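# A structural model of the following input is requested.
(one chain, ligands or ions: 2)
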Amino acid sequence: MGFLDAACREPRAWDLTGKVLANQPISGGLWRLDLALPHEVPCAPGQFAMLHPYERTQLVFRRPYSILAAQDATMSFLYRVVGRGSSLLAGLSQGEPVACLAPLGRPFPAPDAQTPAVLLLAGGVGLPPLHAWLERYGRPGDLPCFGGRDGGDVPWPLLPPPWHVAVERLSGVPSDREVFQGLVTDLALRQLAAAAAREYLVLACGPMPLLRAAAALAAARGWPCLVSVEEHMGCGYGVCKGCVVPLRDPASPAGWRNVNTCTDGPVFAAGDLDWDRFGSRQGGGAS
Ligand SMILES: Cc1cc2nc3c(=O)[nH]c(=O)nc-3n(C[C@H](O)[C@H](O)[C@H](O)COP(=O)(O)OP(=O)(O)OC[C@H]3O[C@@H](n4cnc5c(N)ncnc54)[C@H](O)[C@@H]3O)c2cc1C
Ligand code: FES
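Residues are numbered from 1 along each chain as shown. Ligands and ions are numbered 1, 2, ... in the order given. Coordinates of the predicted model:
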């Protein structure tokens with residue numbers, strides 16, 4: 001069994017010890033980790049796991065990673081090495097244990113008969129939820145677009161057609177791959193001009209500027225838009241309040257309120273987020 005529909009997603013998370021099946025660089029600074037779990041863990045595209053290579057480290061907190069693929073008792077992740085936790089992950093060899101709490105968070109929804117074509121906008125390590133969504137639910141007419149800084153920032157084996165790829169700089173792009181030079185939203189605008197569909201649901205995951213641009217692109221056309229927010233996290237299950245994001249709330253005296261990314265998200269309707277308060281914060285690394 002692979003990913004479940006969002007509607008029948010597993011209501012509980014499992015706290016398991018997985019074993020590394022494979023852990024390899026996939027392109028430039030991006031790595032793919034495949035874990036063998038003790039049993040199948042039903043999950044939906046957009047959900048995430050909290051991972052901890054506990055035999056290697058004194059890290060206090062697990063680290064959140066979106067689920068790239070789930071098949072039978074195997075779960076896969078795509079990650080970039082940015083700090084202590086991810087460096088330790090990259091050092092893991094076949095057979096080493098990894099604590100894995102999954103599945104967590106609200107997923108991207110499954111399309112139904114009313115859902116228009118879907119424009120997917122993925123940036124960097126924001127790819128896994130959208131890759132999983134396209135694999136599980138993709139239909140003819142959906143438009144998947146990925147953006148990276150340069151060719152080394154693109155996990156090429158995961159992006160065969162129909163994926164379209166944008167890079168800001170052409171260095172490291174394989175000679176047999178056609179790319180758009182510029183931002184992924186500019187690539188999307190070019191593809192939209194040539195596409196048959198006139199209305200889209202926009203799904204986005206990636207850095208904050210991409211989420212903002214995706215929300216603006218959708219709002220300008222009156223299209224619905226869902227974004228997956230990759231906030232810093234401590235616990236991953238609603239206790240530490242280290243992951244709050246501001247949501248518009250006309251019913252509250254201030255007009256907005258904080259919600260947890262880990263339990264209320266990470267997928268939110270773009271129109272519900274309070275973009276003026278969101279995304280201007282800078283955080284440090286986790287312990
Ligand atoms: C729901 C969710 C899903 C995620 N999915 C993925 C994924 O599929 N692949 C992936 O590579 N990463 C993903 N991330 C981000 C990943 O969790 C962080 O990169 C990781 O926690 C960094 O841990 P570290 O110990 O290596 O870095 P730290 O030592 O903790 O930090 C190193 C640097 O990275 C920055 N950083 C840490 N966490 C984040 C973050 N969430 N967003 C932006 N900057 C951060 C810190 O500010 C610091 O500058 C996801 C985050 C969330 C919340
Ligand atoms: S990460 Fe602890 S409450 Fe969300």
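
# and the stretch 101-250 of the chain, which residues reach ligand 1?
Counting by Cβ under 6 Å from any ligand atom, the stretch 101-250 of the chain comes close to ligand 1 at Val125, Pro128, Glu230, Glu231, His232, Met233. Glycine gets a C-beta too; all of them are placed from N, C-alpha and C.

# Among the residues you listed, which ones are in helices?
Of the positions in those, Pro128 sit in helices, assigned by DSSP state H.

# Put the buried members of the residues of the stretch 101-250 of the chain next to ligand 1 into a PyMOL selection.
For the buried members of these, the matching PyMOL selection, counting by 16 or more other Cβ atoms under 10 Å, is:
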select buried, resi 125+128+230+231+233
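
# could you dump the residues of the stretch 101-250 of the chain next to ligand 1 to TSV with distance to Val41 and pLDDT?
Formatted as TSV, those follow (distance: Cβ to Cβ, whole Å; pLDDT from 0 to 100):
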residue	distance to Val41	pLDDT
Val125	21	94
Pro128	15	98
Glu230	21	86
Glu231	23	80
His232	24	88
Met233	19	92
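
# For the residues of the stretch 101-250 of the chain next to ligand 1, work out which two are farthest apart.
Greatest spacing in these, by Cβ to Cβ: Pro128 and His232 (17.6 Å).

# Phi and psi next, for the closest residue to Leu211 other than its chain neighbours.
Spatial nearest neighbour of Leu211, chain neighbours left out: Val227 (4.6 Å); criterion: Cβ to Cβ, 6 or more residues apart in numbering. Dihedral pair for Val227: phi -120, psi 140, per degrees, to the nearest 10.

# who touches Met50 in this structure?
Shown in contact with Met50 (Cβ atoms under 8 Å, 6 or more residues apart in numbering): 62-65, 99-102, 104, 233, 235-237.

# With secondary structure as added columns, please give those in JSON lines.
Shown next, in JSON lines, are the contacts of Met50 (DSSP: H, G, I helix; E, B strand; the rest coil):
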{"residue": "Arg62", "secondary structure": "coil"}
{"residue": "Arg63", "secondary structure": "strand"}
{"residue": "Pro64", "secondary structure": "strand"}
{"residue": "Tyr65", "secondary structure": "strand"}
{"residue": "Ala99", "secondary structure": "strand"}
{"residue": "Cys100", "secondary structure": "strand"}
{"residue": "Leu101", "secondary structure": "strand"}
{"residue": "Ala102", "secondary structure": "strand"}
{"residue": "Leu104", "secondary structure": "strand"}
{"residue": "Met233", "secondary structure": "coil"}
{"residue": "Cys235", "secondary structure": "coil"}
{"residue": "Gly236", "secondary structure": "coil"}
{"residue": "Tyr237", "secondary structure": "coil"}
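
# Give me the buried entries from these.
Arg62, Arg63, Pro64, Tyr65, Ala99, Cys100, Leu101, Ala102, Leu104, Met233, Cys235, Gly236.

# State the paired neighbours of the strand or helix carrying Leu226 in the sheet, together with their directions.
Here Leu226 sits within strand 225-228, counting by DSSP states H and E. With DSSP bridges as the test, strand 225-228 is paired with strand 200-205 (parallel), strand 267-269 (antiparallel).

# can you confirm Ala193 is in a strand?
No: counting by three-state DSSP, Ala193 is not found in a strand; it is helix.

# what's the distance between it and Leu203?
Remark: distance between Ala193 and Leu203 (Cβ to Cβ, to the nearest Å) = 20 Å.

# Pull out the buried residues from the longest helix seen in the chain.
Secondary structure of the chain per DSSP H: the longest helix is helix 208-221. Residues of helix 208-221 classed as buried by neighbour count (16+ other Cβ under 10 Å): Met208, Leu210, Leu211, Arg212, Ala213, Ala214, Ala215, Leu217, Ala218.

# would you turn these into JSON lines with pLDDT?
Below are the buried residues of helix 208-221 laid out as JSON lines (pLDDT from 0 to 100):
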{"residue": "Met208", "pLDDT": "93"}
{"residue": "Leu210", "pLDDT": "96"}
{"residue": "Leu211", "pLDDT": "96"}
{"residue": "Arg212", "pLDDT": "95"}
{"residue": "Ala213", "pLDDT": "96"}
{"residue": "Ala214", "pLDDT": "97"}
{"residue": "Ala215", "pLDDT": "97"}
{"residue": "Leu217", "pLDDT": "97"}
{"residue": "Ala218", "pLDDT": "97"}
